[in-house]
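# Here is my input, please return the structure:
(2 chains)
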Amino acid sequence: MRTPSVKYFRQPYESTLAVSPDDTELRSVGPWIRAMRERRGWSLQQLAERAGLSKPYLAQLERGEANPTETTLQKIAAAYELRLVDLLNAALGGETRPSDSPSFREFVERYRPEPDLLPALRELQFRGRAPSTPADWWRLYEVIRTLTEEEDKGGK
Amino acid sequence: MTLARDEPPFGLTLPSDLFGDDAECVVLDYARRLADWAGTSDFPRSMSAVAEKLKHRVSSAPLPVGLRGVRVAQPRPLIVTSDEETSAAQERTVAHELFHPFVGVEHHNYTSGRGKLTSLQARAEMLCDIGAAELHVPAEEMQRQMRDAPAIRDVPRFAEYFGASLAATLRSMVAVTPFPIAGITFELRHKPTDRVPSATGQQVLWGSPSDCDSPRRLRVHDWSVSRGVNVRFNRHQHVDEGTSIHGAYVSGVETSGLDDLTSIGLPARRYRTESWPHRYKNSTRVLTLIWLA
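Alright, predicted model coming up:
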């Protein structure tokens, strides 16, 4: 298991993160920040103002050219009205990892699954033949998503 | 023997060397304590009930071909079994998955890697199978039920008693017997060509690359041998049409005979066999006991 980057994440974040980001992975938060901004229809300038960051620095972050500090990520999370832990789980959980198999990576890229289930999919324990195509992964994802949603509804 | 009614894992931990006999002993101990803790005194034992007691939700669903079941650890433990399988086979899958948290080897590289198990992960899978077998079909109870030498006609009766699949029941019978026997489940199919080896590999395995697309034959589907027997089989091997094993498939009734089994890798002589055919989905499988001595 990777060691959490304590430089950035003190308690309670460390213990509640579904992922344990390292410096390299933190850079991959950038594209997610951009995608989220575009989904909300905000300009770079608007996000910079809401987060209290400079526009050039934010542009660098979005391009994955700079490592964000915890303070920076806190500001961006606040601008999106998210907790930092939720931002990181969504951003890092939605990205593929170097250790992901080609079929899993292709599944994530082609089907764009909800990021919150990806950590669970990565940690599945199998009996029998593991999924070997993106379609297999999608089928499995749909089964787990449906069952998880049923349970959520049942619990409410 | 009354075991302490503690909570799982009952203070048990696996040794650092998963490949030793000690690891198997600990897994078996865990299985017995788990059964005791879950209050599974009657047979057949419900693996789903044990799962529920361990706060796992169990469900069956259409899974990708070849995938028998999965365990999702978060947000709440969930075991999903393939609805293509019989209920007895699904119960065994549930039992298998319940051992993963105890055996504890993570599968990140397997699930996210290239689909191949490392030797450590393969060993962990084997330990889960050993534990699942003891939880589902305990050796002591099988010995008590079997009393004498194993007989093929007992397989369906024991399968019903334990609520296990026929193949799993045959494995358990073979595992507890002191006699030198092999238990094989045969089914009619092509060679497993979904992962066709190189031409060189085919040459080594089958003698001729052109034999890769061979006709459907009665091939080894599942096998086990009793303790101390040093024989291995593989899923490419088939029995010849002249054997009583094949006769059971053709006639649909139980057979016994003396068979030449060189085609499944046994030395050239005749072996006493007992075979029992049964319907499985849209095909017929043959359960066979081979007396090796």
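# quick one, domains of chain B?
According to automatic domain parsing, chain B comprises the domains B:21-136, B:150-291.
# Among those domains, show me which one is buried the most.
domain B:21-136 (a mean of 19; mean count of other C-beta atoms under 10 Å in any protein chain shown). Every C-beta, even on glycine, is put in place using the N, C-alpha and C of the backbone.
# May I see the domains of chain B organised as JSON lines, with mean pLDDT and distance to residue A:67 added?
Shown next, in JSON lines, are the domains of chain B (pLDDT from 0 to 100; distance: least, C-beta to C-beta, whole Å):
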{"stretch": "domain B:21-136", "mean pLDDT": "88", "distance to residue A:67": "25"}
{"stretch": "domain B:150-291", "mean pLDDT": "88", "distance to residue A:67": "43"}
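# Tabulate those (TSV), appending distance to residue A:34.
TSV is the format used below for those (distance: least, C-beta to C-beta, whole Å):
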stretch	distance to residue A:34
domain B:21-136	25
domain B:150-291	41
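# Doesn't residue B:175 belong to a strand?
No: Residue B:175: not assigned to a strand; according to DSSP: H, G, I helix; E, B strand; the rest coil it is helix.
# Chain A: which of the domains of chain B is closest?
Among these, domain B:21-136 comes nearest to chain A, with 3.2 Å by C-beta to the nearest C-beta.
# Please compute how far the closest one lies from its chain's middle.
13 Å (C-alpha atoms, centre = their mean, to the nearest Å).
# Can you give me the end-to-end span of it?
21 Å (C-alpha to C-alpha, to the nearest Å).
# Next: stretch B:101-119.
Here the two ends of stretch B:101-119 are set 18 Å apart, with distance taken as C-alpha to C-alpha.
# Repeat that for stretch B:228-243.
With C-alpha to C-alpha applied, stretch B:228-243 spans 26 Å between its terminal residues.
# which ones are touching residue 56?
Since no chain was named, I'll use chain A. Applying C-beta atoms under 8 Å, 6 or more residues apart in numbering or on different chains to residue A:56 gives no contacts.
# meant chain B, my bad for not saying
Residue B:56 sits in contact with B:71, B:77-79, B:97-98, where contact means C-beta under 8 Å, 6+ apart.
# Could you do residue A:129 as well?
With C-beta under 8 Å, 6+ apart, residue A:129 has these contacts: B:64-67, B:115.
# Centre-most residue in chain A?
residue A:91 (2.3 Å; C-alpha atoms, centre = their mean).
# again with chain B
Geometric middle of chain B (C-alpha atoms, centre = their mean) lands on residue B:168, at 5.0 Å.
# Leaving out the residues flanking it, which one is nearest to it?
Of all residues not flanking residue B:168 in the chain, residue B:92 sits nearest, at 5.5 Å (C-beta to C-beta, 6 or more residues apart in numbering or on different chains).
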